[in-house]
Structures are given as structure tokens and as C-alpha cells.
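In: Here is my input, please return the structure:
(one chain, ligands or ions: 3)
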Amino acid sequence: MLNGTTIKEYAYSLGFDIARITSAEAFPEAERVLQERIAQGLLDGLPWFTAERAAVSCHPNALLPEARSIITLAMFYLTQQPDEPDDGVPRGRISRYAWGDDYHEIIKPKLQQFATWLRDYARDEVPEVETRLFVDTGRMVDRAVAQRAGLGWYGKNTNILTRGWGSWVFLAEIVTNLPSGGNDGSPFDTPSKASCGACDICLRACPTAALPAPYVLDNTRCISFLTIELRGSIPIELRPLMGNLIFGCDICQQVCPVNVVTERRLGLRSDGKISSASSQPIQFHPRREFRPRPETGSSPELIPLLALTEEQFRERFRGSPIKRAKRRGLLRNVCVALGNIGDPRAVPALIGALHDVEALVRGHAAWALGRIGGEEAKRALEEALVGEEDEEVRNEVRCALG
Ligand code: B12
Ligand code: SF4
Ligand code: SF4
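Out: Ligands and ions are numbered 1, 2, ... in the order given. The predicted structure is shown next:
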């Protein structure tokens, strides 16, 4: 049995904020829930989220045949939100995890370094140390592992809540053949007893009713899915509910009392001001990597984004999670946000977007012009109908004119 404390100390030295260790046994309850959600269509829209994949992801031995333990890790990404400039121009909102650098690119090298260290550390006990590394994209149920290891507990919004950082953490794991245990003496760490109790604030706060019941998320209605993962058109009935969110959504986390208390304790508040709570905030050093990038920040101006070329998009979002939406996805989201804000100053830029190379952008620009209304928008829509050949866009234009 290797010393869990030493392994955790190494995790902290690498910059992880929470480390726990659990066994590599299967996750039968998670598997049951995943299969049920897939069958109910609640994960529709994610073509890779298949029943087969769910089965594998709940069996660490299917990922590493000799697996004996899982080191589960969390890294917080809380930073101070910059004050929004008081210039009155239409702005979008980006979810907190995407303000800074792409966490996959930050965490993956640390996991690799961890694996190298483990091989060296355990050489005498296990000559052939094997590891599989996971952060988000891998076939591993990140949250189920974190829950069993007591790294945190499930919130009703389905996010893992932690002591110290609320749900503002990224999760990662190392599946290994090491027989490593929890703290000295105990075989493995145990689940937390914390729970949401009677609270249901997040369920009521979700603007699209994507949380139909506690611990149940309907992917097809979640703004995070609609703005990041969805490749096609955003369902027309959901667009007005998306406000100015252009990449991800934090609403069910922002309203969570566990997060509110966390931010107060750290001297942060969701509006970016230092808390005036009577208790003295503790010393808090946000990670540089997750601070808002100067070129985009947390609430970028929307109109200039519509003018981005493919090349400018790639340049501006290199190393940022936002690149995942691709130019066409981001501009689609910008159109929806501008339509919801309803500021007529966006009309010329949206008319420009009516002639974008991407049909997806043209269609959503039409929707936005229809929402803003006015003579100029109407004329541009009528003109667009003459030259437009894409049937889906033509429908959007007709709808907007109607
Ligand atoms: C697919 C996916 C999405 C999808 C679907 C999200 C979802 N809730 O399923 C979409 C695109 C919508 C999404 C959005 C977001 N995601 Co995401 N996503 C994933 C991914 C790849 C798989 C998640 C999954 O398996 N979903 C399937 C469902 C069924 O699983 P589940 O909700 O965990 O199911 C459990 C609970 O329901 C629970 N449960 C069920 N019934 C009951 C009853 C009781 C009483 C209890 C206690 C528990 C319980 O048990 C189930 C099985 O373990 C993971 C990474 C990974 N590889 O795991 C990241 C991950 C979950 N995402 C993450 C993040 C940060 C986000 C966003 C915050 C991003 C953003 N700001 O927009 C949002 C949050 C939305 C939300 N409210 O969950 C983090 C979450 C970190 C955390 N603290 O929990 C993860 C872990 C990535 C990472 N490695 O850091 N995501
Ligand atoms: S991320 Fe937003 S849309 Fe998704 S469940 Fe939470 S509040 Fe609802
Ligand atoms: S808002 Fe309430 S119910 Fe939702 S996750 Fe937080 S504590 Fe749980």
C-alpha cells in the first residue's frame, strides 16, 4: 500500500487544489443513471454520448485492465470579474470557465508530470506503473469519481460542489494500477455527507427549464450545450430565453448559496466587487491562467465580433476554450444575443451578417433583425430573400418578416 498522503502532497505541489483517492471499482449507480438519461433523450445532441461509451466510462477496468485506484483532482478557476465598462454598447456574457486559458491545456501536462513522478515514486513496490489520464474529454465519469472519493458532493444542478471552492472547479483523474490508499491507514477516501438539503434555488433559476428535477439535466435545453456543443440551429423557442449568453452558462452556479458563501469568503462577489461582509475575507490568489484574457474578457462587445474572419477568429481564440464553438457557432450565438438585447445600433452589423459565408450565421442574423425590427431591418430582410438560396435561411427570413 502506497502512502496516500505523499501522493496528495505531490498533487498540491503541482498546483491542484483538492486531491482524493478512491478504488477502481465500477460505478454501477452512475451507469444506471447514464443509461436511463440516454434512453430518455436527455443527452440528445451529443452524438458521442452513446450507451456503449457510458458503459465503458463507468468501468475503470475497461479503460485500464489492471486498474486498482483512481486519484481524483480538482483545480479551482475562480477569479475576480472585471467591472463591465459603462459605455452602454451591447455586450455578451461568457461563462467563467472560459474567461482565461483552455483548462485542458493547463491540466493535461500536469497529469503527465504526475504520471512520471508516480512511476518513479512507486518503482520499488510496482515495477510497471500504469496510468490513464483524464480531464473532461476522456471516457471517464469525472463527477461520479469525485463524488465517491469525497472530493465534493452532487448539487441538484448536477455539478460537484466542494468545500473551499464551491462548484468553480475543474475535475481530472489518474486511473492507475497502484494499490494506493487514502490517508495513512485508511484504504480509500470516503464520500462526503454534505447535500443540498431542501434548497432548490438552481432549479428555479434556470432560464430554459433545463433542470426538470433535482440532479437531472436536459442537455437539449441547456444554454451551455446550445452555445458550445450544438453545431446547427438553436431551436427558435429557446433563443429568447438565452439573454446575452454567448458561450456557456453559469446561472445555476451563480445562484447557488454554496458558491455565494465561497465567493464572499474569498473576497469576491459575482458583480466583481470586494465583499463588504463583516467577516474578513481570506487571502486569495486567483490563477493567472484563468483570469479574463484582455482580448475577450468576460463580457465582450458584440457588434465587432460579427466582423471576425475565420483567420481572425483563430488568432483571437487560440488557447481559449471559446475556439470549441468555431467561428460559425460563436457568430450564431452573437446574433441571438443581439436579437435579445434589441439595440438598433446592431442593425447594420446584422445586415452585414445576413451575407455571411455561413448559412448558420445568415439564418440567426435574420432572426435577430426580426426581433429588433424597424424599416432598415425589414428592407434588408426583403432584399436577402431575393438572393438567398439556402432553404433553411429563407425560412428564417420569412419567419423574421412574419
Ligand atoms: C456532457 C457534459 C456536459 C453537457 C451535459 C451536462 C450534464 N449535466 O450532464 C453540457 C454541455 C450541458 C455541459 C455543461 C456544463 N459543463 Co460539462 N461536462 C460534460 C461531461 C463531458 C460528461 C458529463 C456527464 O457524464 N453527463 C451525464 C449525466 C447523466 O451525468 P451526471 O449529471 O454527472 O449524473 C450524475 C448525477 O445526476 C447523479 N445523480 C443522479 N441522481 C441523483 C440523486 C441524488 C440524490 C444524488 C446525490 C445524485 C444523483 O448521479 C449521476 C451519475 O453519477 C463532463 C466531463 C466528464 N468526462 O465527465 C463535463 C463536466 C461535467 N462539465 C463541467 C462544466 C464546468 C460544465 C459547465 C459549468 C460549463 C459552463 N459554464 O457552461 C456546464 C454546467 C451545466 C450543468 N448544470 O451541469 C465540469 C463540471 C465540474 C463540476 N464542478 O462539477 C466537468 C466535470 C468537466 C471537468 N472535467 O471539469 N457539460
Ligand atoms: S447551465 Fe444554464 S441553462 Fe444549463 S442548467 Fe444551468 S442555468 Fe440552466
Ligand atoms: S442552488 Fe441549492 S439546490 Fe442548487 S446546487 Fe446549490 S445548494 Fe444545491
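In: Looks to me like residue 170 is in a strand.
Out: Yes. With DSSP: H, G, I helix; E, B strand; the rest coil as the criterion, residue 170 is located in a strand.
In: residues near it, how many?
Out: Residue 170 is flanked by 20 other residues according to other Cβ atoms under 10 Å. For every residue, glycine as well, the C-beta is placed using N, CA and C.
In: what's the burial count for residue 315?
Out: 11.
In: which element is it on?
Out: Taking DSSP states H and E as the criterion, residue 315 maps to helix 310-316.
In: State the mean pLDDT of that helix.
Out: Average pLDDT, helix 310-316: 97.
In: Kindly report the same for stretch 93-112.
Out: 97.
In: if you look at it, does any of it touch ligand 2?
Out: No. Figure legend: stretch 93-112 not in contact with ligand 2 (Cβ under 6 Å from any ligand atom); closest approach 7.9 Å.
In: Buried residues of that stretch, list them for me.
Out: When burial is assessed from 16 or more other Cβ atoms under 10 Å, stretch 93-112 yields the following buried residues: 93-103, 106-108, 110-111.
In: Quick one: end-to-end distance for stretch 96-111.
Out: End-to-end distance of stretch 96-111: 23 Å, with Cα to Cα, to the nearest Å as the criterion.
In: That stretch close to ligand 1?
Out: Yes. With Cβ under 6 Å from any ligand atom as the criterion, ligand 1 is reached by stretch 96-111 at residue 97.
In: Which residues does that stretch contact?
Out: With contact meaning Cβ atoms under 8 Å, 6 or more residues apart in numbering, stretch 96-111 is reached by 14-16, 73, 75, 77-79, 81, 133-137, 168, 170, 172, 174, 247-248, 250, 253, 287, 289-293, 296-298, 319-323.
In: Now do the buried residues in the helix holding residue 315.
Out: Neighbour count says helix 310-316 has 313, 316 buried, by 16+ other Cβ under 10 Å.
In: domain assignment for this protein?
Out: Here the domain assignment for the chain is 4-176, 302-402, based on automatic domain parsing.
In: Throw those into JSON lines and include distance to residue 264, thanks.
Out: Shown next, in JSON lines, are those (distance: least, Cβ to Cβ, whole Å):
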{"stretch": "domain 4-176", "distance to residue 264": "11"}
{"stretch": "domain 302-402", "distance to residue 264": "27"}
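In: Output the set of residues of the protein in proximity to ligand 2.
Out: Residues of the chain lying near ligand 2 by Cβ under 6 Å from any ligand atom: 157, 206, 208, 210-211, 217, 222-224, 249, 251-252.
In: and the next element down the chain from the helix holding residue 315?
Out: Where DSSP H and E defines the elements, the next helix or strand beyond helix 310-316 is helix 326-341.
In: all strands of this structure, in order?
Out: In the chain, the strands defined using DSSP state E lie at 18-23, 69-76, 93-94, 131-134, 153-154, 160-161, 169-176, 245-247.
In: Could you dump these into JSON lines and include distance to ligand 3?
Out: Supplementary listing: the strands of the chain in JSON lines, determined by distance: least, Cβ to the nearest ligand atom, whole Å:
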{"stretch": "strand 18-23", "distance to ligand 3": "18"}
{"stretch": "strand 69-76", "distance to ligand 3": "16"}
{"stretch": "strand 93-94", "distance to ligand 3": "19"}
{"stretch": "strand 131-134", "distance to ligand 3": "24"}
{"stretch": "strand 153-154", "distance to ligand 3": "8"}
{"stretch": "strand 160-161", "distance to ligand 3": "6"}
{"stretch": "strand 169-176", "distance to ligand 3": "14"}
{"stretch": "strand 245-247", "distance to ligand 3": "18"}
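In: Residue 33: which of those strands is closest?
Out: Closest approach to residue 33 among the strands of the chain is made by strand 153-154 (10.5 Å; Cβ to Cβ).
In: Enumerate residues external to that closest one that contact any of its residues.
Out: Residues outside strand 153-154 that contact it (Cβ under 8 Å, 6+ apart) are 143, 147, 160-161, 191-192, 194-195, 215.
In: Who wins on neighbours among those residues?
Out: residue 161 (24 neighbours).
In: Could you give the number of residues near residue 387?
Out: Around residue 387 there are 8 other residues, counting by other Cβ under 10 Å.
In: pLDDT at it, what is it?
Out: Residue 387 is assigned a pLDDT of 91 by the prediction.
In: need the contact list for it.
Out: Residues counted as contacts of residue 387 (Cβ under 8 Å, 6+ apart): none.
In: nearest residue to residue 335 other than its sequence neighbours?
Out: Among residues not flanking residue 335 along the chain, residue 364 sits closest, at 3.8 Å (Cβ to Cβ, 6 or more residues apart in numbering).
In: mind checking pLDDT for the one you found?
Out: At residue 364, the model reports a pLDDT of 98.
In: What of the one 5 residues further on?
Out: pLDDT, residue 369: 98.
In: Verify the contact between it and residue 347 for me.
Out: Yes. Here residue 369 reaches residue 347: they are 6.8 Å apart, a contact under Cβ atoms under 8 Å.
In: shared neighbours, these two?
Out: Both residue 369 and residue 347 are contacted by 377, 380, under the criterion Cβ under 8 Å, 6+ apart.
In: In terms of neighbours, single out the busier of these two.
Out: Set residue 369 next to residue 347 and count neighbours by other Cβ under 10 Å: residue 369 wins out with 29 against 20.
In: Now do the top helix by length along the chain against strand 18-23, angle only.
Out: Looking across the chain with DSSP state H, the single longest helix is helix 103-121. Counting by axes from the mean of the first three to the mean of the last three Cα atoms, to 10 degrees, helix 103-121 lies at 60 degrees to strand 18-23.
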